[in-house]
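K.L.:
Sequence plus the predicted model coming up.
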Amino acid sequence: MRESIIYHYFDAWIDNDSSILNDIFDDSIIYSECYGPEYHGVKQVKMWFSDWHAHGKVLRWDIKRFMHDGMSTIVEWYFECDYNKKIDGFDGVSIIEFTDDNRIKSVKEFESKKEHIYPYGK
């Protein structure tokens, strides 16, 4: 169930479709992006979603794996977008907490650079 909710959320970004946000997020959601911004409440999340899509398009948001622990799900993913006519991508992890009725109440994102270096070889 929770994996399906997360897939639908990622697809909403790819499809630029905010219609499911009220259904999947708790009204008091706290969403922390990997580079600093934080949104409080579904109203702010919807504003961010709309503002972001005015400048960008998500090209890929691939889920690599899920890990579950109680009311939390950790998702490892790869994200790629065209934002202000610049294509970029990065690996990331989200820690997602759910309510008892399977609505998302917290998202904390963390980023890893797409380009990895191998100082001692592969």
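P.N.:
Ah, there it is.
K.L.:
which stretches of this protein form helices?
P.N.:
For the chain, applying DSSP state H gives helices covering 2-15, 21-24, 42-53.
K.L.:
Would you format those as CSV with mean neighbour count and distance to residue 71 included?
P.N.:
Yep, even glycine has a C-beta here, placed from its N, CA and C like the rest. Output for the helices of the chain, formatted as CSV (neighbours: other C-beta atoms under 10 Å; distance: least, C-beta to C-beta, whole Å):
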stretch, mean neighbour count, distance to residue 71
helix 2-15, 15, 9
helix 21-24, 14, 15
helix 42-53, 15, 19
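K.L.:
Adding mean pLDDT and distance to residue 111, write the ones you listed out as TSV.
P.N.:
Output for these, formatted as TSV (pLDDT from 0 to 100; distance: least, C-beta to C-beta, whole Å):
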stretch	mean pLDDT	distance to residue 111
helix 2-15	97	15
helix 21-24	96	22
helix 42-53	97	16
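K.L.:
What residues does the nearest residue to residue 63 once chain neighbours are set aside make contact with?
P.N.:
Nearest non-adjacent residue to residue 63, counting by C-beta to C-beta, 6 or more residues apart in numbering: residue 77, 5.2 Å away. The contact partners of residue 77, by C-beta atoms under 8 Å, 6 or more residues apart in numbering, come to 10, 61, 62, 63, 64, 91, 92, 93, 94.
K.L.:
Also residue 1?
P.N.:
For residue 1, the contacting residues are residue 102, by C-beta under 8 Å, 6+ apart.
K.L.:
which stretches of this protein have low pLDDT?
P.N.:
Applying pLDDT under 70 to the chain flags residues 114.
K.L.:
Out of the helices of the chain, flag the one nearest residue 110.
P.N.:
helix 2-15 (15.5 Å; C-beta to C-beta).
K.L.:
Mind giving me the packing neighbours of that closest one?
P.N.:
Counting contacts by 3 or more C-beta pairs under 8 Å, 6 or more residues apart in numbering; DSSP states H and E, helix 2-15 is packed against helix 21-24, strand 56-69, strand 72-83, strand 86-98.
K.L.:
Dump it to CSV, restricted to CA.
P.N.:
Provided in CSV are the C-alpha atoms of helix 2-15 (Å, rounded to 0.1, in the frame of the first residue of the first chain):
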residue,chain,number,x,y,z
ARG,A,2,2.7,2.5,1.0
GLU,A,3,4.9,1.7,-1.9
SER,A,4,1.9,2.3,-4.3
ILE,A,5,1.3,5.7,-2.7
ILE,A,6,4.9,6.7,-3.2
TYR,A,7,4.9,5.5,-6.8
HIS,A,8,1.8,7.6,-7.4
TYR,A,9,3.4,10.7,-5.8
PHE,A,10,6.6,10.3,-8.0
ASP,A,11,4.4,9.9,-11.1
ALA,A,12,2.5,13.0,-10.2
TRP,A,13,5.8,15.0,-10.5
ILE,A,14,6.6,13.3,-13.8
ASP,A,15,3.0,14.0,-15.1
